[in-house]
Structures are given as structure tokens and as C-alpha cells.
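Asks: requesting a structural model of the entry that follows:
(one chain, ligands or ions: 2)
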Amino acid sequence: MSKEKLNILFAAAEVVPFAKTGGLADVSGALPKAIKELGHDIIVVMPRYYKIDKSKLTKLPSPLGVPMGDMGELWAGVYTTTLPNSEVPIYFIDHEEYFGRHGLYEDEKGGFKDNDKRFIFFSKAALQLCKMLNFAPDVIHANDWHTAAMPLLSKTMFYEDFLNAKSVLTIHNLQHQGNFDKGLMNVMEVGWEHFNSYEFESYNRVNLLKGAIAHADAITTVSKKYAQEIQTAEFGFGLEKHIRSHSHKLFGILNGVDYDEWSPAVDEYLVKKYDVRKFSGKKACKKDVQTHFHLEARDDIAIIGFVGRFAEQKGIGLIAGVLEGVLDLDVQVVMLGTGEKWAEDFFSEIAYRRPNFALHIGYSDALAHKIEAGSDMFLMPSIFEPCGLNQIYSLSYGTLPIVRAAGGLDDTIVNFNELEKKGNGFKFYDATNEALYHTVFWAIETYYHNPKAFVSMQKSAMKEHFGWDEAAKEYIDVYNSLIN
Ligand code: ADP
Ligand code: GLC
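Replies: Ligands and ions are numbered 1, 2, ... in the order given. Here you go, the predicted structure:
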């Protein structure tokens, strides 16, 4: 029997539109709304980072006391509003010392040294907040390592307050596990008996994600394929065995798309909106990209776009390996991203020399949308990809993804097959320069020499639908399976 109306606490380190470094924010801004639309009560909690303007939020009258073990009790202010176009309340945990800085996890000097304490503080504050609001969750939904202490906290230190609560951990990215000095156990206060190789201990340090995998009542990850992959040595980042031993409670649920944000028919960032019927608007968007990036204004040339973190995960090593060769073809390549310094330097140097390559180093929502719309193809040759959102956004813009068959990329992209008239992109398997180059070459060939098939693929890609409504139902099924 399923409960008709569930109370859910959803905690995340980043939520669109308030703070974002990657897809976790897109998910946290969209999934709770879809859950609410199914008739459940959900509240979202995130830190109040410096850049989140307090003046637009409502302050709760009383502050929260947050017990921090051997550091004593620290205080948090709480602000609130609702997620845009919804009735989902979002609460912001405010603590100047931890969150009153530029950057979510790092600044130009690198990762913050107190990230462990910052996010234990946040995790405990989120639980304290439920008590203050008299909100009794049926489900505590934690996301990634930042909130990975919550499942065990709710069963130990906060046991009496959350007697009926079940916990779910969503792994958006297994590479980041929250690995810290073991002294963190004293701040976490879940008991040193949990510091062992089946729970939080890893090489004599605390591994927050490992502990949560042991203690969450269910674990989900953001595509079916990734749920399989993380049980293997290639994708398990050392936790594959641990995950295998908990695989009975592991589910893969593919992320959706917030089509209010990522649809060329409504996208406010575009010079011209378009849809399948009025497809010609895409040409204006292409020209806009060429103008913005000072590329030759030619509407017949193929443009390949890339938007993403410059991290090994995203296959930037492969891109670096083939870029010059690709630029020798009749093509323009546009990249938007920021991250590893070697990559920023490497791509900058090529951008300086090659007129058909444009680069913007930095973070820009506007450019991300413009590139999605103005490109013909979207490059995403990830080494691993738990879900990947940009390739799904690309489909909605009729921009055909060129991807490696990893995780969510494999689950969402169907390889072009001319004979069977199938496909929504171009896919390769081996993480090698050759495989990537050949696939890019094939995509460009198709663009020039088989335009009928190319355009027909673009149009059918635009009609595909990856709604959050479906994903939300799957989450509710997981929640209900725990409650019964
Ligand atoms: P990940 O979360 O691993 O970074 P996803 O594909 O799930 O990858 O999500 C990335 C999100 O972040 C997308 O919404 C993408 O548009 C956005 N994004 C990444 N880099 C940038 C950037 N430099 N500027 C603007 N948006 C970016
Ligand atoms: C992570 C993954 C990405 C996924 C996103 C949202 O950052 O790297 O593949 O789409 O989380 O779940």
C-alpha cells in the first residue's frame, strides 16, 4: 500500500536558480517541483551562499542551534522563499563563517579546507530545521557527498526526531566522495563504532559517500546504465565492491528536463525562438553564435558546440587530442567551460591561432543556451557520465549529440542508422582519439552529404520528451517501497 501524501525533505548543495556549478543544481531545482505536482509535500534545503541575495528572501524569526560535536553549538539563520513557478518551499541555511564566501566549494586558491565541517553543519542544520518547522518527513532525500551524513544522522543523533523517516541517497557523481580526516567523526557525532571498513572508513580516513551507501535505505543514481557501471572497477572509483554489496537497494532513475528552461520555443536567451514547425529560427540562432564569437558568418557551415566543466570526466583530454584535426575540416567549433588550468591554456592557445575555433572560458547561462540552439551538433565525449543533461537539452534544440556510450549518454542517445532510419545522435565506444575523430568526421559527413537524414533526425530529436513527471513517479515508487 502506498501512502497518498508523503512528506519529503530534499537537501542539496546547489539548486537552480539560486546557485549552480553543474547538473546537481538543475535536478534539485526541477525534481522537487515534479514531486509536488504529484501531490506530495516536499521542502528543499540548501546553504545560503554569499551570492544569494538575502533581501529577496524572508527571514525566519528564530535561528537554529546546530550541535557540532567537539566544536560546540553553532548558530544558523534561516531564510525562505519558493522555487520559481511553484509552491515548493526552499529554505536557506545561513552561516557567515561557512557560506559567506565566493564560490560554493572552492575559490581561485583551490578547494576550501573546511568543506567537511561546512557540509556536516549544513546536513545537521537541515535536520534541525525540520524539527523547528514541525515538518515530520517520511523521506529524507540526500544528494551526493555534501549531504551524505544525513542518513546515519537521522538514525543516530536525531533518532528520536525521525523515528518514521526513511532515507534516500542519490549519487550524481561517484568521483566526489567526501574524503576527509577521521577527526570529522567527532564533529559528525554518529559514534566511532561506525568508523570501520563497512561504513565510513576508507584508508583510515572518513568517506562520507561510503557511509551513506551503507546506511541509506535506498540508493539511486541518475541513469540505469550508471547504476550498473558503478558496480564495476572501471567506474566504481574504488567503491564498486561496497556498492555491489548494497545493490539490492540501488535504483537507476534517469534525470528529466525542465522544458520551461530548456526549450527553443520559450528560451528567452535566444535571438529567435523556434520549434519543429518553425525550424528556420535555428538559423538566426546559429548566426547569433557566429556573431558573438567572431566566427565567419556562414549559414551552410557545420557548427559543433561544447558546454561543460573542463574536467577529465567530460573527455576534455580526448577533445584536446583531436581538436586540431577536426578544425582542418570545414567546421566551426565553439566551446564554453571552465576548469582544469591545462585545458584552459591549451584551448586558449588554439583559439588564438585558429579562426574556426571560438572559446569562452567562464560560466554563462546565456551562452550555454545560445550554444545549444546555434550549434548543429553537440560534443560530449565523456569518460564517464552519470546522466548528463546537456545531451538531452541538445535534443530539444535539434542539436545532434556526439557522445561516448557511457552512463546516461548511452541511455539517451541512439546511434544514427541510415538504413533503419533511426537515431538521434552519433555515438562511439572506445575512449580513444581515433574513435572520437572518426565519429566527429562521420557526423560532419552526414551534415554535408546526407542533409535529408540529418534534418529528419534533428526534427525527431526535438519531439522526444524526457519529462520530470516520469522520473518523479519513479522516485515516489522508491520512497513508497521503503515505507511499506
Ligand atoms: P555535470 O553536472 O557533470 O557538470 P550535466 O550535463 O549534468 O554535467 O550538467 C551540467 C549543467 O551545467 C548544464 O546545465 C550545463 O549547461 C551547465 N554548465 C556547465 N558548464 C557551464 C558553463 N561554463 N556555463 C554555463 N553553464 C554550464
Ligand atoms: C553529475 C553528473 C551528471 C549528472 C548530474 C545531475 O554532476 O556528472 O552526469 O547529469 O550530476 O544528476
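Asks: okay, CA-based contacts and neighbour counts for the rest of this
Replies: Will do.
Asks: mind listing the strands for the stretch 101-250 of the chain?
Replies: Counting by DSSP state E, counting those that start in this stretch, one finds strands in the stretch 101-250 of the chain at the ranges 106-107, 110-111, 139-143, 166-171, 179-180, 201-202, 205-207, 218-221, 250-252.
Asks: brain fart, the stretch 301-450 of the chain
Replies: Going by DSSP E, counting those that start in this stretch, the stretch 301-450 of the chain shows strands at 302-310, 331-339, 357-361, 377-380, 400-404, 426-428.
Asks: coming back round to it: now mean pLDDT too, for the strands of the stretch 101-250 of the chain, in CSV please.
Replies: CSV is the format used below for those (pLDDT from 0 to 100):
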stretch, mean pLDDT
strand 106-107, 92
strand 110-111, 91
strand 139-143, 98
strand 166-171, 98
strand 179-180, 98
strand 201-202, 98
strand 205-207, 98
strand 218-221, 98
strand 250-252, 98
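Asks: dump those strands to JSON lines, plus mean neighbour count.
Replies: Below are those laid out as JSON lines (neighbours: other CA atoms under 10 Å):
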{"stretch": "strand 106-107", "mean neighbour count": "12"}
{"stretch": "strand 110-111", "mean neighbour count": "10"}
{"stretch": "strand 139-143", "mean neighbour count": "25"}
{"stretch": "strand 166-171", "mean neighbour count": "26"}
{"stretch": "strand 179-180", "mean neighbour count": "19"}
{"stretch": "strand 201-202", "mean neighbour count": "20"}
{"stretch": "strand 205-207", "mean neighbour count": "23"}
{"stretch": "strand 218-221", "mean neighbour count": "26"}
{"stretch": "strand 250-252", "mean neighbour count": "22"}
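Asks: same list (those) but as JSON lines, adding distance to V403.
Replies: Shown next, in JSON lines, are those (distance: least, CA to CA, whole Å):
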{"stretch": "strand 106-107", "distance to V403": "29"}
{"stretch": "strand 110-111", "distance to V403": "30"}
{"stretch": "strand 139-143", "distance to V403": "26"}
{"stretch": "strand 166-171", "distance to V403": "22"}
{"stretch": "strand 179-180", "distance to V403": "30"}
{"stretch": "strand 201-202", "distance to V403": "34"}
{"stretch": "strand 205-207", "distance to V403": "31"}
{"stretch": "strand 218-221", "distance to V403": "20"}
{"stretch": "strand 250-252", "distance to V403": "20"}
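Asks: ok, back up a step: the strands of the stretch 301-450 of the chain: which one's closest to E73?
Replies: In terms of CA to CA, the element of the strands of the stretch 301-450 of the chain nearest to E73 is strand 331-339, at 35.9 Å.
Asks: format the strands of the stretch 101-250 of the chain as TSV; extra columns: distance to ligand 2.
Replies: TSV is the format used below for these (distance: least, CA to the nearest ligand atom, whole Å):
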stretch	distance to ligand 2
strand 106-107	16
strand 110-111	17
strand 139-143	9
strand 166-171	8
strand 179-180	17
strand 201-202	23
strand 205-207	18
strand 218-221	8
strand 250-252	11
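Asks: one step back: which of the strands of the stretch 301-450 of the chain sits closest to ligand 2?
Replies: Closest to ligand 2 of the strands of the stretch 301-450 of the chain is strand 302-310 (CA to the nearest ligand atom; 9.4 Å).
Asks: and the closest one, does that touch ligand 1?
Replies: Yes - Strand 302-310 reaches ligand 1 (CA under 6 Å from any ligand atom) through V307, G308, R309.
Asks: close to ligand 2, is that strand?
Replies: No - against ligand 2, strand 302-310 shows no contacts by CA under 6 Å from any ligand atom, the least distance being 9.4 Å.
Asks: give me the distance from that strand to the chain's centre.
Replies: How far strand 302-310 lies from its chain's middle: 17 Å, per CA atoms, centre = their mean, to the nearest Å.
Asks: sheet partners, orientation included, of it?
Replies: When pairing is defined by DSSP bridges, strand 302-310 lines up against strand 331-339 (parallel), strand 377-380 (parallel).
Asks: list the buried ones in that strand?
Replies: A302, I303, I304, G305, F306, V307, G308, R309, F310 (16 or more other CA atoms under 10 Å).
Asks: identify the bridge partners of the fifth one.
Replies: What it means is F306. Following DSSP bridges, F306 is listed with bridge partners M335.
Asks: residues contacting it?
Replies: Contact analysis of F306 by CA atoms under 8 Å, 6 or more residues apart in numbering lists V333, V334, M335, L336, G337, I371, F378, L379, M380.
Asks: format the strands of the stretch 301-450 of the chain as a markdown table; extra columns: distance to G256.
Replies: What follows is the strands of the stretch 301-450 of the chain, written out as a markdown table (distance: least, CA to CA, whole Å):
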| stretch | distance to G256 |
| --- | --- |
| strand 302-310 | 18 |
| strand 331-339 | 22 |
| strand 357-361 | 27 |
| strand 377-380 | 18 |
| strand 400-404 | 17 |
| strand 426-428 | 21 |
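Asks: how about JSON lines for the ones you listed, with mean pLDDT added?
Replies: Listed next are the strands of the stretch 301-450 of the chain as JSON lines, based on pLDDT from 0 to 100:
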{"stretch": "strand 302-310", "mean pLDDT": "98"}
{"stretch": "strand 331-339", "mean pLDDT": "97"}
{"stretch": "strand 357-361", "mean pLDDT": "98"}
{"stretch": "strand 377-380", "mean pLDDT": "98"}
{"stretch": "strand 400-404", "mean pLDDT": "98"}
{"stretch": "strand 426-428", "mean pLDDT": "98"}
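Asks: pull up the distance across stretch 331-349, start to finish.
Replies: 18 Å (CA to CA, to the nearest Å).
Asks: quick one: that stretch near ligand 2?
Replies: No - figure legend: stretch 331-349 not in contact with ligand 2 (CA under 6 Å from any ligand atom); closest approach 13.8 Å.
Asks: what's the burial count for the residue of the stretch 1-150 of the chain found nearest ligand 2?
Replies: Nearest residue of the stretch 1-150 of the chain to ligand 2 (CA to the nearest ligand atom) works out as G23 at 3.9 Å. Using other CA atoms under 10 Å, G23 has 20 other residues around it.
Asks: what's the answer for N204, then?
Replies: 13.
Asks: what of the one 10 residues further on?
Replies: Burial measure for A214: 19 neighbouring residues, criterion other CA under 10 Å.
Asks: any idea how far ligand 1 is from it?
Replies: Applying CA to the nearest ligand atom, to the nearest Å, the value for A214 to ligand 1 is 24 Å.
Asks: my guess is that residue meets N196, correct?
Replies: No - look at A214 against N196 with CA atoms under 8 Å: they stay out of range, at 11.1 Å.
Asks: and the pLDDT for the residue nearest to F162 when sequence neighbours are not counted?
Replies: In this structure, F162 finds its nearest non-sequential neighbour in S154, 6.0 Å apart by CA to CA, 6 or more residues apart in numbering. pLDDT, S154: 97.
Asks: residue contacts, S154?
Replies: Going by CA under 8 Å, 6+ apart, S154 touches L127, D161, F162, A165.
Asks: out of these, grab the one that's most surrounded.
Replies: Counting neighbours by other CA under 10 Å, L127 leads the contacts of S154 with 24 neighbours.
Asks: ok, that residue - contacts?
Replies: Neighbouring residues of L127 by CA under 8 Å, 6+ apart: M150, S154, F158.
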